[in-house]
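**Q** What follows is a predicted structure for the sequence shown.
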Amino acid sequence: AHQENKQSRRDLKIRGIDCEGKEVHHWDYNRRLDIFLLSRRAHKLAHNNMQFDPETKKFIYKGEILQTKEQHRAALVEIFQEKGYEIESYNF
């Protein structure tokens, strides 16, 4: 796991958010606690279908930088639907 994920998990736990059995997915690494909680498989699908942009610390999907959490959520929904993955009801 990335160091950011470990720190975010600790900070979320302190705030009473249970991450057990879930993985932390950052949509913007500049916003360490503004995350999605995904299953391991969903997290892998996300990373396999998006590219990380180190300059903005955000993700690129279909050639576009995802500027908002809503854009990122829509991209995740599209990816999961394309791959036939049932969307979970975590922080999503």
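**A** In hand now; what should we look at?

**Q** From G63, how far off is the residue lying farthest from the centre of the chain?
**A** The outermost residue of the chain relative to its centre, with distances by CA atoms, centre = their mean, is I14 at 19.9 Å. I14 sits 38 Å away from G63, going by CB to CB, to the nearest Å. Glycine gets a C-beta too; all of them are placed from N, C-alpha and C.

**Q** got it, and N30?
**A** With CB to CB as the criterion, N30 and G63 are 21 Å apart.

**Q** again, but for V24
**A** For V24 relative to G63 (CB to CB), the value is 26 Å.

**Q** The two: which is more packed in?
**A** V24 (23 against 6; other CB atoms under 10 Å).

**Q** Can you verify the more buried one is assigned to a helix?
**A** No - using DSSP: H, G, I helix; E, B strand; the rest coil, the assignment for V24 is strand, not a helix.

**Q** Name whatever forms a beta bridge with the most centrally placed residue in the chain.
**A** For the chain, H25 is the residue whose C-alpha lies nearest the centre (CA atoms, centre = their mean; 2.8 Å). When bridges are called by DSSP bridges, H25 pairs up with F36.

**Q** isn't it right up against L37?
**A** Yes - between H25 and L37 there is a contact at 7.4 Å, judged by CB atoms under 8 Å.

**Q** now the strands for this structure?
**A** For the chain, the strands defined by DSSP state E occupy 23-26, 35-38, 51-53, 58-61, 64-65.

**Q** Parallel or antiparallel, list what pairs with the third one.
**A** What it means is strand 51-53. strand 58-61 (antiparallel).

**Q** quick one: buried residues of the partner strand?
**A** Within strand 58-61, the residues that count as buried by 16 or more other CB atoms under 10 Å are 58-59, 61.

**Q** Now do the longest helix anywhere in the chain: everything it contacts.
**A** When the chain is parsed with DSSP state H, its longest helix is helix 69-82. With contacts defined as CB atoms under 8 Å, 6 or more residues apart in numbering, helix 69-82 is touched by 27-28, 34, 36, 42, 45-46, 49-50, 58-59, 61-62, 66, 85-87, 92.
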